[in-house]
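Visitor: pasting the sequence and the predicted coordinates here, then a few questions.
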Protein chains: 2
Amino acid sequence: MKKFLAEIDVMPKKEILDPQGKAVTGSMKNLGLSEIQNVRIGKHISLEIEADSTETANAKVDEACKNLLANLIMESYSFKLEEVA
Amino acid sequence: MKKFLAEIDVMPKKEILDPQGKAVTGSMKNLGLSEIQNVRIGKHISLEIEADSTETANAKVDEACKNLLANLIMESYSFKLEEVA
């Protein structure tokens, strides 16, 4: 069995309003950082997975994203997989 | 002025218990994904920033992370900066 590390980003879809991001964009102005615009806030998830191959690990992480980590109606996800020692 | 896109990860520090991650690790078992271990959940933030140079943009994003986006007592952050058209 090999061990992989997955780094997953789950973000609100572009066409969906992100109230938390909007609020933070507003706060940037108060901090004197008005150059910062269009803040969007989602989740970053790291996890370890044991699998025979990169393909299997990939499929399992995809399944976890679809079934648990992301709400596909409102969120989209992407991830990177890396083999660890 | 150039425009940059920053992709920021804010994660709970390793030595800090992550109850949300622990709960999700447990749920993986119920989904038949017991190969998945050590789930940790943080924030992913994307934002746009206007600056004269990559160095300035870098400093501004760092300032935003330190002063607003991350709680440095419990969280660590990392980011990538990319120039956009």
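Guide: Thanks, I have the structure now.

Visitor: for whichever residue of chain A sits closest to chain B, which non-adjacent residue is closest in space?
Guide: Nearest to chain B, among the residues of chain A, is A:His44, at 3.9 Å (Cβ to the nearest Cβ). For glycine as for every other residue, the C-beta is placed from the backbone atoms N, C-alpha and C. Distances taken as Cβ to Cβ, 6 or more residues apart in numbering or on different chains put B:His44 closest to A:His44, at 3.9 Å, once the chain neighbours are dropped.

Visitor: let me know the outermost residue of chain A.
Guide: Most distant residue from the mean C-alpha position of chain A: A:Gly32, 28.0 Å away (Cα atoms, centre = their mean).

Visitor: check for me that that residue belongs to a strand.
Guide: No - using DSSP: H, G, I helix; E, B strand; the rest coil, the secondary structure at A:Gly32 is coil, not a strand.

Visitor: strands of chain A, start to end?
Guide: Assignment of strands within chain A using DSSP state E yields the ranges A:2-12, A:36-51, A:75-84.

Visitor: turn the ones you listed into a markdown table, columns for mean pLDDT.
Guide: Converted to a markdown table, those look like this (pLDDT from 0 to 100):
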| stretch | mean pLDDT |
| --- | --- |
| strand A:2-12 | 98 |
| strand A:36-51 | 97 |
| strand A:75-84 | 97 |
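
Visitor: can you put the ones you listed in JSON lines and add distance to A:Thr25 and mean neighbour count?
Guide: Converted to JSON lines, those look like this (distance: least, Cβ to Cβ, whole Å; neighbours: other Cβ atoms under 10 Å in any protein chain shown):
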{"stretch": "strand A:2-12", "distance to A:Thr25": "14", "mean neighbour count": "19"}
{"stretch": "strand A:36-51", "distance to A:Thr25": "4", "mean neighbour count": "20"}
{"stretch": "strand A:75-84", "distance to A:Thr25": "19", "mean neighbour count": "14"}
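
Visitor: distance to A:Gln20 added to the ones you listed, as CSV?
Guide: Formatted as CSV, the strands of chain A follow (distance: least, Cβ to Cβ, whole Å):
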stretch, distance to A:Gln20
strand A:2-12, 9
strand A:36-51, 5
strand A:75-84, 13
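
Visitor: give me the contact list for stretch A:68-82.
Guide: Stretch A:68-82 is touched from outside by A:4-13, A:16, A:42-43, A:45, A:54, A:57-58, A:61-62, A:65-66, B:24, B:27-28, B:31, with contacts defined as Cβ atoms under 8 Å, 6 or more residues apart in numbering or on different chains.
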